[in-house]
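**Student:** Please work out how this folds:
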Amino acid sequence: MKLSVIIPCFNEEKTISDLINAVKNSGISNQEIIVVDDCSTDGSKNILKNLKNEDIKLFFHSSNKGKGAALRTGFKQATGDICIVQDADLEYDPKEYSLMIEPIIANKADVVFGSRFQSGRPHRVVYFWHRMGNGFLTLISNIFTDLNLSDMETCFKAFRTEIIKSIKIEENRFGFEPEITAKISNLNLRIYEIGISYYGRTYAEGKKIGWKDGVRAIYCILKYNLIKRS
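**Tutor:** Numbering: from 1, shown residues only. Below you'll find the predicted structure:
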């Protein structure tokens, strides 16, 4: 099976080169790397343009549209059998791709969530209220989807490509996570969860998600579970 690694990137000049090297050394031989730069204003765009001769598919948004929009672009371009989302900030380890996609390859799963909270692997200790917020959002999402996920907000998700291509992604920012969870819960899919490592970073180190995104997530949970079930 071929793996498509979708990397949304916005202002990640400090990590994007190391991340791409880590993806290349993930241990997955049959993969394509798709990077979507969401109109970065730091040096990320120039770093990526200097990689144009390497075996990487590069796409550049002319304006900043958000992570969900970058993923829409990436999924559209994917040609692999499986798509996996890889943030450009090195919080998630490409060497764990094999863990994430094994249930799909074994024909046991259609979608796999990488849980930061169901693992004996390394987990950086960062923000208490982020952990409480993640737990609250996952609980609210589970109530409406009737799934028993431990980490709905994880960015590490793998999909059979035909499934993710069939879903209309409407959210442009971090609302992608609750939106996609709501929509796959309505499709009678085989959903698995795998414990993963998490190398979280602080706001000083470039973390972007904030409390406004948490409020938006609650709105998305209600919207896509109660209003737009498609």
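
**Student:** So what touches the helix or strand harbouring Lys212?
**Tutor:** Assigned by DSSP states H and E, Lys212 falls within helix 211-222. For helix 211-222, contacts defined as Cβ atoms under 8 Å, 6 or more residues apart in numbering pick out 133, 137, 140-141, 144, 153, 171, 173-175, 177-179, 182. Where C-beta positions appear, they are placed from N, C-alpha and C, glycine not excepted.

**Student:** Nearest to Met1 among those residues?
**Tutor:** Nearest to Met1 among these: Glu177, at 24.6 Å, using Cβ to Cβ.

**Student:** Can you report phi and psi for the nearest residue to the closest one once chain neighbours are set aside?
**Tutor:** Spatial nearest neighbour of Glu177, chain neighbours left out: Glu153 (5.1 Å); criterion: Cβ to Cβ, 6 or more residues apart in numbering. Per-residue torsions, Glu153: phi -80, psi 0 (degrees, to the nearest 10).

**Student:** which residues of the protein fall in strands?
**Tutor:** Here the chain has its strands, by DSSP state E, at 3-9, 31-37, 57-60, 82-85, 111-115, 157-160, 191-195.

**Student:** Parallel or antiparallel, which strands does the fifth one pair with?
**Tutor:** Right, strand 111-115. Note on strand 111-115: by DSSP bridges, its sheet partners are strand 157-160 (antiparallel), strand 191-195 (parallel).

**Student:** Ile163 and Asn188 touch, don't they?
**Tutor:** No - at 11.2 Å, Ile163 does not count as touching Asn188 under the criterion of Cβ atoms under 8 Å.

**Student:** what about these two, which has more around it?
**Tutor:** Ile163 (16 against 7; other Cβ atoms under 10 Å).

**Student:** can I assume Met38 is in contact with Asn64?
**Tutor:** No, residue 38 isn't Met; it's Asp. Yes - contact criterion Cβ under 8 Å: Asp38 and Asn64 qualify, at 5.5 Å.

**Student:** any shared contact partners between those two?
**Tutor:** With contacts taken as Cβ under 8 Å, 6+ apart, Asp38 and Asn64 have Phe10 as neighbours in common.

**Student:** who has more neighbours, the two?
**Tutor:** Asp38 (24 against 15).

**Student:** who's in contact with stretch 17-25?
**Tutor:** By Cβ under 8 Å, 6+ apart, stretch 17-25 touches 5, 7, 12, 31, 33, 35, 47, 51, 56, 86, 88-90, 93-95.

**Student:** ok, now with 10 Å
**Tutor:** The contact list for stretch 17-25 (Cβ atoms under 10 Å, 6 or more residues apart in numbering) reads 3, 5, 7, 9, 12, 15, 31, 33, 35, 44, 47-48, 50-51, 54-56, 84, 86-95, 97.

**Student:** Equivalent analysis for stretch 75-83, please.
**Tutor:** With contact meaning Cβ under 10 Å, 6+ apart, stretch 75-83 is reached by 1-6, 28, 30-32, 34, 36, 57, 59, 71, 74, 84-85, 97, 100-101, 104-105, 112, 157-165, 167, 169.

**Student:** change it to 7 Å
**Tutor:** Identification of contacts with stretch 75-83 by Cβ atoms under 7 Å, 6 or more residues apart in numbering yields 1-4, 6, 32, 34, 57, 59, 101, 104, 158-161, 164-165.
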